[in-house]
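Novice: let's see this in three dimensions:
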Amino acid sequence: MSTHRELTGEARPATLIREGIAITRSALGASITLAVIVAGLCVAVFATAGRGAAAERQVAQRIEQAGTRLITVQYTAPTGTLDRLLVTRAGALSQVSWAFGLGPASDASLALLDGQGRAVPARSIYGTAPPDLPVTTGRWPAPGEAVVSPASQVATGLIDPAGTILYRDHPTAVVGQVAPTGILAELAPYILVNPAPDSVLAGSRTATGQNAVGITTLYVLADRASDVLAVKDSLHQLLGINDQSTVTITASQTLADLGIAISGELGSSGRAQSIGVLAAGIAIIALSTYAAVAARKRDFGRRRALGAGRDAIIGLVLVQVAVPALTGALVGTAAGWILTKIIGATPSWPFTIAVAVLAVTAALIAAIPVSWAAARRDPVRILRIP
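Specialist: So this is what the prediction gives:
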């Protein structure tokens, strides 16, 4: 005979929960079995969809690296430059993180040697310093000043990243050193000069000669890999050049598109695996719950005979399932998270929480038809002695 108080008449939620927990304790074997099933369901989701979600996140992070978001505009005509104001206009685009321009290369040398020293390529710079061009010594140059890289410092003959060079016949102070890295590593051989205001004339695409004012290279970094195509189209409009053969626009659009496609396939595969695992889990939980309810059919029949409503029987079965399901979800989620962390595919916290919630929800969904069937049984037939 049951040791807990009989549930009769219209049951209150608190009473249902208390009675359901009592049933769970009295049917310890069935409760442990259900908890193990739910825990296994969580681990299975982590082992399949969890790894897929982590892989998808890693691919997305690699896609969003600067290399796949960089757009390079190169002016290839033998004479002339692009308008330096393109740097400002490109940087103002809503889908652009930063824009940085370079003028044509010119020779620079130590002023101490009256320009007779070793010639080192130098380029005018336009725009603010991007993250891949950090200042390691000194400061970023003000107008009329320059910075060197480790390679250009050695080539120039400067002992320290300080001194004076001749750039386009103008003495220019060197005030620091930069270390071009990542997507701007190709700037390592150059001295970078911030042009003096009095040497900067109105930018023009038709300016000619070594003293032409403007840019020949424009670097633009899109906010996201998916924005690269739109930014390229905007740059075409900003350039407004009829002869497209004089300008080359380079971007890693193919790589970005491939990465996005791979990420989407990983996401679809992970979702399909999750659905399959959850469907199998629901079926197993339904069978386990059916067996547990069948074993207690006389208890439920007695409660119905004493006046317990059908909603009370449904509530009792759901509580009987929810308690071990919660326990199993907590244990299984913790075990699955540790497992994926060990193999280096740790999923995000939102995914981890979602697994636990879905596992408990799946258990309750599986219990609904079983509880409904239990509530609709005729108590007289159940209690009839053969």
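Novice: ok, now which ones touch the nearest residue to Ala230 once chain neighbours are set aside?
Specialist: Nearest in space to Ala230, with sequence neighbours left out and distances taken as CB to CB, 6 or more residues apart in numbering, is Gln95 at 5.9 Å. Heads up, the C-betas are built off the backbone N, CA and C, glycines and all. Applying CB atoms under 8 Å, 6 or more residues apart in numbering, one finds that Gln95 lies in contact with 222-224, 227, 230-231, 234.
Novice: restricted to strands, list those residues.
Specialist: Applying DSSP state E to the contacts of Gln95, the entries found in strands are Ala222.
Novice: out of the contacts of Gln95, which are buried?
Specialist: 222-224, 227, 231, 234 (16 or more other CB atoms under 10 Å).
Novice: run me through the strand neighbours of the lengthiest strand in the chain, direction for each.
Specialist: Taking DSSP E as the criterion, the chain has its longest strand at strand 170-178. Its sheet considered, strand 170-178 pairs with strand 135-138 (antiparallel), strand 145-148 (parallel), strand 163-167 (antiparallel) by DSSP bridges.
Novice: want to try a markdown table for those, with distance to Arg303 as columns?
Specialist: As requested, those are exported to a markdown table (distance: least, CB to CB, whole Å):
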| stretch | distance to Arg303 |
| --- | --- |
| strand 135-138 | 78 |
| strand 145-148 | 84 |
| strand 163-167 | 94 |
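Novice: tell me which of those strands lies nearest to Thr250.
Specialist: strand 145-148 (25.5 Å; CB to CB).
Novice: could you pull out the strands for the stretch 101-250 of the chain?
Specialist: Listed in chain order, the strands found in the stretch 101-250 of the chain under DSSP state E, counting those that start in this stretch are 106-110, 120-126, 135-138, 145-148, 163-167, 170-178, 191-194, 217-222, 247-251.
Novice: and Ala22, how far from Val319?
Specialist: From Ala22 across to Val319, the span is 10 Å (CB to CB, to the nearest Å).
Novice: no wait, Thr156
Specialist: When CB to CB is the yardstick, Thr156 and Val319 sit 80 Å from each other.
Novice: which secondary element of the protein has the worst mean pLDDT?
Specialist: Of all regular secondary-structure elements in the chain, judged by mean pLDDT, DSSP states H and E, the least confident is helix 379-383 with a mean of 58.
Novice: would you agree Pro104 is in contact with Thr79?
Specialist: No: shown here, Pro104 and Thr79 do not form a contact pair, counting by CB atoms under 8 Å, at 9.9 Å.
Novice: between the two, who's got more neighbours?
Specialist: Each of Pro104 and Thr79 has its neighbours counted (other CB atoms under 10 Å); Pro104 has more, 21 against 11.
Novice: burial measure for the nearest residue to the more buried one once chain neighbours are set aside, as a count.
Specialist: Closest residue to Pro104 apart from its sequence neighbours, by CB to CB, 6+ apart: Thr216 at 4.8 Å. By other CB under 10 Å, 20 other residues sit near Thr216.
Novice: could you shift the numbering so residue one becomes 251, and keep it that way?
Specialist: Renumbered: residue one is now 251, and that last one reads Thr466.
Novice: thinking again about what came up before, which ones among the contacts of Gln345 map onto helices?
Specialist: Using DSSP state H, 480-481, 484 are the members of the contacts of Gln345 that sit in helices.
Novice: so which of the strands of the stretch 351-500 of the chain is nearest Thr611?
Specialist: Counting by CB to CB, and looking across all of the strands of the stretch 351-500 of the chain, nearest comes strand 467-472 at 39.5 Å.
Novice: now do the helices in the protein.
Specialist: 263-276, 278-295, 301-313, 316-319, 335-341, 400-406, 478-489, 503-545, 547-555, 560-592, 599-625, 629-633.
Novice: just the mean pLDDT for the fifth one, thanks.
Specialist: If you average the pLDDT over helix 335-341, you get 92.
Novice: low-scoring pLDDT stretches of the stretch 251-400 of the chain, where are they?
Specialist: Within the stretch 251-400 of the chain, the set of residues satisfying pLDDT under 70 comprises 251-261, 299-317, 362-367.
Novice: could you redo the last one with a cut-off of 90?
Specialist: 251-281, 283-284, 290-321, 326-335, 355-356, 359-369, 377-383 (pLDDT under 90).
Novice: returning to what we had before: could the strands of the stretch 351-500 of the chain go into CSV alongside distance to Gly531?
Specialist: Formatted as CSV, the entries for the strands of the stretch 351-500 of the chain read as follows, by distance: least, CB to CB, whole Å:
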stretch, distance to Gly531
strand 356-360, 70
strand 370-376, 60
strand 385-388, 56
strand 395-398, 61
strand 413-417, 71
strand 420-428, 57
strand 441-444, 61
strand 467-472, 42
strand 497-501, 45
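Novice: mind checking those strands for the one nearest to Thr298?
Specialist: Checking these against Thr298 by CB to CB gives strand 467-472 as the closest, at 33.7 Å.
Novice: run the chain-centre distance for that closest one.
Specialist: 23 Å (CA atoms, centre = their mean, to the nearest Å).
Novice: what's across from the nearest residue to Ser347 once chain neighbours are set aside in the sheet?
Specialist: Of all residues not flanking Ser347 in the chain, Leu471 sits nearest, at 4.5 Å (CB to CB, 6+ apart). According to DSSP bridges, the residues that bridge with Leu471 are Leu320, Trp348.
Novice: what residues are up against Leu471?
Specialist: 316, 319-321, 346-349, 380, 433.
Novice: Pro393 and Gly351: what is the separation?
Specialist: With distances defined as CB to CB, the gap from Pro393 to Gly351 amounts to 15 Å.
Novice: which of the two has more neighbours?
Specialist: The residue with the greater number of neighbours, taking Pro393 and Gly351 and applying other CB under 10 Å, is Gly351; the counts read 27 against 12.
Novice: was I right to think that one contacts Arg339?
Specialist: No: Gly351 is beyond contact range of Arg339, at 10.7 Å (criterion: CB under 8 Å).
Novice: can I see the domain layout of the chain?
Specialist: 263-312+510-633, 330-473 (automatic domain parsing).
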